[in-house]
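Q: Sequence plus predicted model, see below.
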Amino acid sequence: VRIEVLCTGDELLSGATADTNSPYFMDGLLAQGERVSRATIVGDDRDAIARVFGEACARADVVLVCGGLGPTSDDVTVEALAQAMGVPLVEHAATLARLRARFERVGRTFSDNNARQARVPQGAQVVQNPVGTAPMLVLTLGGCTAFVVPGVPDEYRLLVQDEVLPRIAAVGSASGTRNVVRVRLLRTIGLPESHLDAKVRDIARAHPEVGFAFRTVAPENQLKLWVCAPSAEAAERLLEQVAAQCAAALGPHLFGQGEAASLPQVVLTGLEARGHTLAVAESCTGGCLAEALTALPGASKVFWGGVIPYEARLKTAWLKVPAALIDAQGAVSAPVARAMAQAVRASAGSDWGLSTTGYAGPGGGDAREPVGAVYIGLCGPSGTSHERHVFHGDRERVRRFAAFAALDALRRHLG
Ligand code: ATP
């Protein structure tokens, strides 16, 4: 099925609003084995919308139009579509009655402007919108079916999910072109996107029938594999084979597969599988580690708690890190990170102690360490280790990367 998207609205062209509606539709389509071949954005200009709509209908079997269905004079989409179809606007009595009743129910005055939303291109099929005032329209122009939905994201999503996607699935089945799509998300850390690409390039070349898409969700780099096949079994088989090859190429950088396998979740699951527990001592991350872990249901089974000895004196008072060690080595140093991890483990009585100490910036740093330097200490059943990282970027980025690097250190030790 050839499918196009047409979004209307000046706010989408001025940068005031990003088009987040279309990706929602595209995700849903992909799950049905279909893809959009072209997406266009046009401002609130009746002639431009009419022209682009006509062109899209000439190319595609299905066009999804969104936005500009409101009651105000800058909402011109419906007029533009009627113009492209060469038909007049007519009043849709059932929609008008429904709008009047809705206004009455909430005690609002019904105006001529509101009545505009009941005017539809002659011949349109009207689908009621259960959460808003503008109805969805189904139009035909030549051999193309157009679905017209409001731009308000809540209304858009509901109508796309309940009304548009099932209708497109029916078009696909009727034309016998339906395929099954299966997607696998591979999640890596500590590997720049270009390196990730290089590691799997040969596998991608050997499997042109598999889609490879890269995405950064800092500090992760993700690889989405997708296949489109005539049956679910064939799609799964191919995906399994290619994912296994990628996993071998990515080695320990691959920390999980699938939407649910976030790094904090993988760490919690790893601890739980071993019956182990964790306590943390956070300096530069200031609670980010504890936040990432406690955000997950079931964290209390393995995460016992943490301290934030931000000031050097509290590293001594709370964790007994010798003041002389801090003076001699600096608060941002390997010996201090190790001492913090050992102390928090001993004081909590947990299996693991994990610590962070670093310069998040933008100021700070000292003669020994620059802004962005972070030490991670890890103390567990078989001893103590540490890592040094230097992260670039603003304060928020350094703190986030530091927290994830600490979780990743623990994940790799859990094996
Ligand atoms: P309404 O009936 O409420 O007027 P509408 O169909 O006229 O709906 P618009 O006026 O174009 O929709 O947009 C309504 C809201 O939805 C605005 O806040 C707009 O920024 C947002 N919106 C419109 N299109 C998109 C889009 N493609 N992605 C994300 N948000 C959008």
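A: Received, thanks. Numbers count the residues shown, from 1 in each chain.
Q: measure Thr40 to Gly68 for me?
A: Per C-beta to C-beta, to the nearest Å, Thr40 is found 14 Å from Gly68. For the C-beta atoms, the positions are set from N, CA and C on the backbone; glycine is no exception.
Q: and these two? which has more neighbours close in?
A: Shown here are Thr40 and Gly68; by other C-beta atoms under 10 Å, Gly68 has more neighbours (28 against 16).
Q: Who's the closest spatial neighbour of the more buried one, skipping the chain neighbours?
A: Leaving aside its chain neighbours, Gly68 sits nearest to Thr77 (3.4 Å; criterion: C-beta to C-beta, 6 or more residues apart in numbering).
Q: how about that neighbour, what does it touch?
A: Contact partners of Thr77, counting by C-beta atoms under 8 Å, 6 or more residues apart in numbering, are 8, 49, 65, 67-69, 148.
Q: Please identify which pair of the residues you listed lies farthest apart.
A: Within the contacts of Thr77, Ile49 and Leu69 form the most distant pair, 11.8 Å apart (C-beta to C-beta).
Q: Let me know the helix or strand that the residue in the stretch 201-350 of the chain that the ligand sits nearest to is in.
A: Distances between the stretch 201-350 of the chain and the ligand by C-beta to the nearest ligand atom are smallest at Arg215, namely 19.3 Å. Secondary structure assigned from DSSP states H and E places Arg215 in strand 210-217.
Q: which secondary structure element contains the nearest residue to Pro130 once chain neighbours are set aside?
A: With sequence-adjacent residues excluded and distances taken as C-beta to C-beta, 6+ apart, Pro130 is closest to Leu158, at 6.9 Å. Counting by DSSP H and E, the element that carries Leu158 is helix 153-159.
Q: before we move on, the earlier item: wait, the residue of the stretch 201-350 of the chain closest to the ligand sits on Lys224?
A: Yes - counting by C-beta atoms under 8 Å, Arg215 touches Lys224, with 6.7 Å between them.
Q: Just name whatever secondary elements the helix or strand containing Leu410 is in contact with.
A: Applying DSSP H and E as the criterion places Leu410 in helix 395-414. Counting contacts by 3 or more C-beta pairs under 8 Å, 6 or more residues apart in numbering; DSSP states H and E, helix 395-414 packs against helix 263-274, strand 278-282, helix 288-294, strand 352-358, strand 373-380, strand 383-390.
Q: Point out the most buried one among these.
A: Neighbour counts (mean count of other C-beta atoms under 10 Å) averaged over each of the helices and strands packed on helix 395-414 peak at strand 352-358, with a mean of 30.
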